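In: how does the following fold in three dimensions:
(4 chains)
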Number of protein chains: 4
Amino acid sequence: MGKGRVEAFTDGVVAIIITIMVLDLKVPEGEDFSALVPQLPIFLCYVLSFINVGIYWNNLHNMFHTVQRVDGRVLWANLHLLFWLSLMPVTTAFMGENHFATVPVAIYGFDLAMCAAGYAILVLALQRLHGRDTAFAKAIGNDRKGRISLAVYIAAVALAFLNRWISVGLYVAVALVWLVPDTRFSRVLEK
Amino acid sequence: MGKGRVEAFTDGVVAIIITIMVLDLKVPEGEDFSALVPQLPIFLCYVLSFINVGIYWNNLHNMFHTVQRVDGRVLWANLHLLFWLSLMPVTTAFMGENHFATVPVAIYGFDLAMCAAGYAILVLALQRLHGRDTAFAKAIGNDRKGRISLAVYIAAVALAFLNRWISVGLYVAVALVWLVPDTRFSRVLEK
Amino acid sequence: MGKGRVEAFTDGVVAIIITIMVLDLKVPEGEDFSALVPQLPIFLCYVLSFINVGIYWNNLHNMFHTVQRVDGRVLWANLHLLFWLSLMPVTTAFMGENHFATVPVAIYGFDLAMCAAGYAILVLALQRLHGRDTAFAKAIGNDRKGRISLAVYIAAVALAFLNRWISVGLYVAVALVWLVPDTRFSRVLEK
Amino acid sequence: MGKGRVEAFTDGVVAIIITIMVLDLKVPEGEDFSALVPQLPIFLCYVLSFINVGIYWNNLHNMFHTVQRVDGRVLWANLHLLFWLSLMPVTTAFMGENHFATVPVAIYGFDLAMCAAGYAILVLALQRLHGRDTAFAKAIGNDRKGRISLAVYIAAVALAFLNRWISVGLYVAVALVWLVPDTRFSRVLEK
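Out: You can find the predicted model right below:
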């Protein structure tokens, strides 16, 4: 089964998720700078989630690039990942509107953890379909970066109940690590 | 007439439907776990509808894959299906916000039945355009699974007035049956 | 300049317009059938606009199919048409929520008239770019159906102040005329 | 790395931004013409932003047309531009709902300035990847029009605190300058 339409559908859903998040940025009430202050935490959450969804788009873009084919299992693993990504607008707004309160911060981390788990499951479904010597298998390797991210997110959910700012710091840290471009795929492709 | 743009448009609309459903998941009011409780039925409905729309995407993906061409009749049969799919976000929220009350459960089933009918009409329009020996005709067969689903949905609408949980159970059952990957198309394509 | 991306962008915007209209179908308040009654006019307007936007998608699909190339003028004529189409969700909800009151009915017709004018301008921009003997020129002919629709919409805006139901009837009539598949393009392509 | 999917994703996000802006055009309350009056400034802001986002789509369309390839740096420069574009619906509604008050007008200009800066950064990232003699380098030249726009937007933000109508006038003026089709790319392509 060709990968083209799965790529296009995935890009479409991710494009919609990244854009409708802005609908939770309510128009500030009032017309001077003080009207913007209560929006600040919501805005910062929006920036963080925009970067996170952007990272997923980037990673999915690179990953599907080396993929040769897909099957029903991959389609559903992909939809499962999109499901947790689709919750980003809600969990982002929940964290922002409650000014980084403990439970919303933990819920946001739970969503990030489920996205990371969904990504890992998608990688497994694709590895199952491709041999050990394919470009895909070489590029993805053992997906160490993805697994560590998942572990950090799970830890952050628990740590939120100790001190929620530790969790927020971890979310930012993981995002920064991924912003450093993932050279695995380009290295393999260059060979 | 080429099928490319119909596929792309259909995928686009389905991608938007599956994603804007999340806009009806209101941000919980309050900042502890108890704030999430009233959201639970809405969330469960969201999961069910996400899977249902995902099944339609998957089926349309497979079906259009074996299709050779489309005509005006197919375009409108497709738009008719998309119309009932586009109501999913509203009927889902109606069922969720009313905690699975009888009438909303029946309305949700009515929408599912109309989607299933729309899919059956689209199949007929495509069968009319393709001969008996084409890959499409062989792959779709008599679409028994689709026809049974339609019958179950119609029954579920009526049964909701007896006991609404029967209907909800039937919606979940049909979704699970479809989640088992449809091997008809891949079997034909392999030959 | 290739027409591919203009087609894709246009399809994307039309897909979003046709889908976000559903966001104005508010979730009914209440859990029995009587809760659906106040939604009925809004729902009927939604059906009418879904068909109207579907007709535009269908026509743009057919038209761009015979087009050979586009220029800056065509890009902006196309964006102009999309602008008036993008107002459909608002004018539709305005007419529905006010139960077909006079001014909303006239405003809805004004939007339809501007869409029809935008379509006519797009046809002119494409005719300017293509010679008299091209497939496009032959297929579009003098676009009589488009021009008559525009005239009917303008008349309907004025007639709304006499009797708004005349206007609503005209909107429905024009939609039905277009639903009859436009054979001009397919006839030319078959030759 | 191929440019195809970046183009498609960018077009998708821009299509969604230009369309969801309409969700901030609230349905007028009331059913006569006077109900439309408070919507007028919001509508005018919508028109201005529709044109601005249309200009970005047009420019990105032309620019990516002459581009040969992209890398991780370009992907993120592009996402950075899309981030500021994605704020357009909010900053537009903020300016419109406050009837062009000083701070909202300045914030709107700040968003436009960041979009222009994001575009300039994207141009730099693409220039870094393409040699001096490529079609891209020749077409984009020194991007004088883009740099002047950025300077005007920055000036307009400051001038808003002197007289907000100067700023609004500058926003309209820049949009009009860009509406005059950019012939640089087509001139290079014709050679």
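
In: please count neighbours and contacts with C-alpha atoms only from this point.
Out: Noted.

In: got phi/psi on residue A:163?
Out: phi -150, psi 110 (degrees, to the nearest 10).

In: phi first, then psi, for the residue nearest to it when sequence neighbours are not counted.
Out: Distances taken as C-alpha to C-alpha, 6 or more residues apart in numbering or on different chains put residue A:102 closest to residue A:163, at 7.9 Å, once the chain neighbours are dropped. Note on residue A:102: backbone dihedrals following degrees, to the nearest 10 are phi -60, psi -60.

In: any idea of the pLDDT on residue A:102?
Out: With respect to pLDDT, residue A:102 scores 95.

In: what about it, neighbour count?
Out: 22 (other C-alpha atoms under 10 Å in any protein chain shown).

In: ok, it touching residue A:161?
Out: Yes - the pair residue A:102 / residue A:161 is scored as a contact, 6.3 Å apart, by C-alpha atoms under 8 Å.

In: which residues touch the residue nearest to residue A:163?
Out: The contact partners of residue A:102, by C-alpha atoms under 8 Å, 6 or more residues apart in numbering or on different chains, come to A:160-161, A:163-164, B:31-32.

In: now list the buried members of those.
Out: The neighbour count (16 or more other C-alpha atoms under 10 Å in any protein chain shown) marks A:160-161, A:164, B:31 as buried among these.

In: residues from chain A in reach of chain C?
Out: On the criterion C-alpha under 8 Å from any C-alpha of the partner chain, chain C has no neighbours in chain A.

In: pull the helix or strand with minimum mean pLDDT from chain A.
Out: None of the helices or strands of chain A scores lower by mean pLDDT, DSSP states H and E than helix A:183-190, at a mean of 57.

In: still on that earlier bit, can I get the buried ones among the contacts of residue A:102 in TSV with pLDDT and secondary structure?
Out: Below are the buried ones among the contacts of residue A:102 laid out as TSV (pLDDT from 0 to 100; DSSP: H, G, I helix; E, B strand; the rest coil):
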residue	pLDDT	secondary structure
A:160	96	coil
A:161	96	coil
A:164	95	helix
B:31	84	coil
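
In: roughly how far is the helix or strand containing residue A:15 from the heart of the chain?
Out: Element membership for residue A:15 (DSSP states H and E) is helix A:4-20. How far helix A:4-20 lies from its chain's middle: 13 Å, per C-alpha atoms, centre = their mean, to the nearest Å.

In: can you give me the helices for chain A?
Out: Along chain A, counting by DSSP state H, helices occupy A:4-20, A:40-66, A:72-86, A:88-97, A:102-129, A:135-140, A:144-159, A:164-179, A:183-190.

In: could I get the buried residue list for the longest one?
Out: Neighbour-count burial for helix A:102-129, counted by 16+ other C-alpha under 10 Å, picks out A:102-127, A:129.

In: got the angle between it and helix A:144-159?
Out: Helix A:102-129 and helix A:144-159 are oriented at 150 degrees to each other (axes from the mean of the first three to the mean of the last three C-alpha atoms, to 10 degrees).

In: for the buried ones among the contacts of residue A:102, which one is nearest chain C?
Out: Nearest to chain C out of the buried ones among the contacts of residue A:102 is residue B:31 (C-alpha to the nearest C-alpha; 25.0 Å).

In: from what I can see the closest one touches residue A:100, true?
Out: No - applying C-alpha under 8 Å as the test, residue B:31 and residue A:100 come out as separate, 9.2 Å apart.

In: re earlier: could you dump the helices of chain A to JSON lines with distance to residue C:152?
Out: Listed next are the helices of chain A as JSON lines, based on distance: least, C-alpha to C-alpha, whole Å:
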{"stretch": "helix A:4-20", "distance to residue C:152": "37"}
{"stretch": "helix A:40-66", "distance to residue C:152": "46"}
{"stretch": "helix A:72-86", "distance to residue C:152": "43"}
{"stretch": "helix A:88-97", "distance to residue C:152": "43"}
{"stretch": "helix A:102-129", "distance to residue C:152": "52"}
{"stretch": "helix A:135-140", "distance to residue C:152": "59"}
{"stretch": "helix A:144-159", "distance to residue C:152": "60"}
{"stretch": "helix A:164-179", "distance to residue C:152": "56"}
{"stretch": "helix A:183-190", "distance to residue C:152": "58"}
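
In: looking at the ones you listed, which one is packed in the most?
Out: With neighbours taken as mean count of other C-alpha atoms under 10 Å in any protein chain shown, the helices of chain A reach their highest mean count in helix A:88-97, at a mean of 25.

In: pLDDT of it, averaged?
Out: Average pLDDT, helix A:88-97: 94.

In: and the angle for it with helix A:40-66?
Out: Going by the same axes, to 10 degrees, helix A:88-97 makes 150 degrees with helix A:40-66.

In: hmm, helix A:88-97 in reach of chain B?
Out: Yes - Helix A:88-97 lies within reach of chain B by C-alpha under 8 Å from any C-alpha, at A:89-91, A:93-94.

In: out of these, who's nearest chain D?
Out: Comparing the residues of helix A:88-97 next to chain B against chain D with C-alpha to the nearest C-alpha picks out residue A:89 as the nearest, at 13.7 Å.

In: show the contacting residues for the closest one.
Out: A:17, A:20-21, A:24, B:22.

In: go back to those and keep what's next to chain D.
Out: Answer for the contacts of residue A:89 near chain D (C-alpha under 8 Å from any C-alpha): residue A:20.

In: tabulate the contacts of residue A:89 in TSV, adding columns for distance to residue D:44 and pLDDT.
Out: Shown next, in TSV, are the contacts of residue A:89 (distance: C-alpha to C-alpha, whole Å; pLDDT from 0 to 100):
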residue	distance to residue D:44	pLDDT
A:17	27	94
A:20	22	89
A:21	24	91
A:24	23	85
B:22	30	90
